[in-house]
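In: Prediction below, plus the sequence it came from.
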Amino acid sequence: MKANELRLKEMSELHVELESLLKTQFKLRMQIATKQLVNTSQISKVRKSIARTRTILTEKTRKEIK
């Protein structure tokens, strides 16, 4: 999901999105451990999405404080 799309979401929706991405990351790590993962590029995509989501959450939090 792009940053612009994430900025349009509410804080609660972003938390749900982050939780979903973290679960996906865990599943991918387990697939690597059991040698089931074929497309390893998924891991970096999920990591970047997690970072993007956390960045937007931080931005929104700082806006609320001011």
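Out: Nice, thanks for sending it over.
In: other SSEs contacting the longest helix seen in the chain?
Out: Secondary structure of the chain per DSSP state H: the longest helix is helix 41-65. Using 3 or more CB pairs under 8 Å, 6 or more residues apart in numbering; DSSP states H and E as the contact definition, the elements that helix 41-65 packs against are helix 3-7, helix 11-33. C-beta here means a position set from N, CA and C on the backbone, and glycine is covered the same way.
In: worst average pLDDT in these?
Out: Looking over the helices and strands packed on helix 41-65, mean pLDDT reaches its minimum on helix 3-7, with a mean of 92.
In: Show residues contacting that one.
Out: Under the contact criterion CB atoms under 8 Å, 6 or more residues apart in numbering, helix 3-7 has outside partners Leu14, Glu17, Arg52, Thr53, Thr55, Ile56, Glu59.
In: and the two most separated of these?
Out: Pairwise distances across those peak at 14.4 Å for Glu17 and Glu59 (criterion: CB to CB).
In: Of these two, give the one with the bigger neighbour count.
Out: Glu17 (20 against 13; other CB atoms under 10 Å).
In: So Asn39, which state does it fall into?
Out: Put simply, Asn39 is coil when judged by DSSP: H, G, I helix; E, B strand; the rest coil.
In: what would the contacts of helix 3-7 look like in TSV with distance to Arg7?
Out: As requested, those are arranged in TSV below (distance: CB to CB, whole Å):
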residue	distance to Arg7
Leu14	9
Glu17	12
Arg52	10
Thr53	11
Thr55	10
Ile56	6
Glu59	8
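In: which among these end up buried?
Out: When those are checked for burial by 16 or more other CB atoms under 10 Å, the buried set is Leu14, Glu17, Arg52, Thr53, Ile56.
In: For the spatially most central residue of the chain, list the residues it contacts.
Out: In the chain, the C-alpha nearest the mean C-alpha coordinate belongs to Ile50, at 2.6 Å (CA atoms, centre = their mean). Ile50 makes contact with Leu18, Leu21, Leu22, Gln25 under the criterion CB under 8 Å, 6+ apart.
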